[in-house]
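**Student:** sharing a model prediction with you, sequence too.
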Amino acid sequence: MTKVNTDNHTKKELVKKALKKMLADKKLIQAYAKGKVDLKTIEKAGIKFVDPL
Amino acid sequence: MLTPYSYSKLKNSLVYKFTTKSEIIYQVHFVKDGTLTYLSGTKVFEQVYQIVIEKTTDNTEPFDSRVFLTIEAIIIEFFNDTAKVLSFVCDTSDGKQIARFKKFNRWHEKSKHNQSIKKLNDNYTDTDVELFYSIMIHKSNPKFKHLKSAFFSIKELLINDKP
């Protein structure tokens, strides 16, 4: 099984933080889709759109 | 027979769009998702993309099964390259994340591709948020077992965190 690479407590906090960041990014993208924020705001948050299709 | 709506990429952008018969417009965005690579400390998750689907018109959405077919078609196209992984987190802004999660599960169960595209789920509840997170992996992904194992290692951490 693949190991997560820090001690357990830190790992849990990292997981939570990362998932919350993912959710925050999603909310920002949704706001962008509705024209409530601009592309600059998206880029400032470190979000880069890609085309994987 | 119902068919997906036609979808296209918006000019000069990386956004996909489709319009339903009720004039409701959906946008589909993809972003590179480094979450699992970061958390697992492995490179198995290098090709993970988060999908964000957003209804951009405010009209109430009548039931329309072609929306599901269209999103399914986009996901099938995404998996033309079986090495890619799709991630999805349910929106919590209106408190309907469980309903969204269940809907997404129903879509996956109904899909004729659910044997080739596997969906793995995770969730956790914190003081301020109840979060539902899923990844989709093609059964032919050469790293399928590693991906599954790494995903469940992360999931295990959250299970162990529960009181």
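**Tutor:** Now that the structure is in, tell me what you want to look at. Residues are numbered from 1 along each chain as shown, chains lettered A, B, ... in the order given.

**Student:** mean confidence for the longest helix anywhere in chain B?
**Tutor:** Criterion DSSP state H: the longest helix present in chain B is helix B:144-161. For helix B:144-161, mean pLDDT is 79.

**Student:** if I look at the closest residue to B:Ser8 other than its chain neighbours, what pLDDT would I see?
**Tutor:** Leaving aside its chain neighbours, B:Ser8 sits nearest to B:Lys17 (6.4 Å; criterion: CB to CB, 6 or more residues apart in numbering or on different chains). In short, each C-beta sits where N, CA and C put it, glycine included. Note for B:Lys17: predicted pLDDT of 94.

**Student:** hang on, B:Lys17 in a strand?
**Tutor:** Yes: counting by DSSP: H, G, I helix; E, B strand; the rest coil, B:Lys17 is part of a strand.

**Student:** is it true that it touches B:Gln27?
**Tutor:** Yes: using CB atoms under 8 Å, B:Lys17 is in contact with B:Gln27, at 5.4 Å.

**Student:** of these two, who's got more company?
**Tutor:** More neighbours surround B:Gln27 than the other of B:Lys17 and B:Gln27, with 21 against 16 (other CB atoms under 10 Å in any protein chain shown).

**Student:** rewinding a little: list residues touching both of B:Lys17 and B:Gln27?
**Tutor:** Taking CB atoms under 8 Å, 6 or more residues apart in numbering or on different chains as the contact rule, B:Lys17 and B:Gln27 both touch B:Leu10.

**Student:** now do the host helix or strand of A:Ile42: which elements does it pack against?
**Tutor:** Per DSSP states H and E: A:Ile42 is located in helix A:39-44. With contacts defined as 3 or more CB pairs under 8 Å, 6 or more residues apart in numbering or on different chains; DSSP states H and E, helix A:39-44 has these neighbours: helix A:8-33.
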